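K.L.:
Provided below for reference: sequence and predicted model.
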Amino acid sequence: MAEITMYTTAWCGYCRSAKQLLEREELLYEEISVDDDPHFRQRMFEMSGRSTVPQVVIDGETIGGYQELARLLASGELIADVDV
């Protein structure tokens, strides 16, 4: 099963939507809240080249945010990876 980690903030609508996508597909994920990190944008940039949340990491590889996650789920690629 793929290991999914998602960096989020409580105020981010895309974060909420990404969590809903994963929960709808019944995919387990670890959520790491960066609400209390005043430097989270710098951390996200160092991790992915983007300063935004959510940042989704699958099996140690940063795939991007909500839109990239939605594309993976719509294409069936993420489900296929999880079922292997």
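P.N.:
Alright, I've got the coordinates. All values derive from a computational prediction rather than experimental measurement.
K.L.:
what ranges of this structure fall below the confidence cut-off?
P.N.:
79-84 (pLDDT under 70).
K.L.:
Just the helices from it, written as ranges.
P.N.:
Per DSSP state H, the chain carries helices over the ranges 13-24, 40-48, 66-75, 77-83.
K.L.:
need those in CSV with mean neighbour count and distance to residue 33, can you?
P.N.:
Where C-beta positions appear, they are placed from N, C-alpha and C, glycine not excepted. Formatted as CSV, these follow (neighbours: other CB atoms under 10 Å; distance: least, CB to CB, whole Å):
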stretch, mean neighbour count, distance to residue 33
helix 13-24, 16, 9
helix 40-48, 15, 9
helix 66-75, 16, 16
helix 77-83, 14, 22
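K.L.:
in the chain, which residue is closest to the centre?
P.N.:
Closest to where the C-alpha atoms of the chain average out (CA atoms, centre = their mean) is residue 56, at 2.3 Å.
K.L.:
rewinding a little: make TSV from the helices of the chain and add distance to residue 4 to it.
P.N.:
Formatted as TSV, the entries for the helices of the chain read as follows, by distance: least, CB to CB, whole Å:
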stretch	distance to residue 4
helix 13-24	7
helix 40-48	15
helix 66-75	9
helix 77-83	8
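K.L.:
closest one to residue 7 among these?
P.N.:
Across the helices of the chain, the minimum distance to residue 7, taken as CB to CB, is reached by helix 40-48, at 6.5 Å.
K.L.:
what's the closest one packed up against?
P.N.:
strand 4-8, strand 55-58, strand 61-64 (3 or more CB pairs under 8 Å, 6 or more residues apart in numbering; DSSP states H and E).
K.L.:
if I read this right, residue 51 contacts residue 41, doesn't it?
P.N.:
Yes - between residue 51 and residue 41 there is a contact at 4.1 Å, judged by CB atoms under 8 Å.
K.L.:
before we move on, the earlier item: closest to residue 32 out of the helices of the chain?
P.N.:
Here helix 40-48 is closest among these (CB to CB), at 9.9 Å.
K.L.:
now the closest one, how far from the centre of its chain.
P.N.:
Distance of helix 40-48 from the chain centroid (CA atoms, centre = their mean, to the nearest Å) equals 13 Å.
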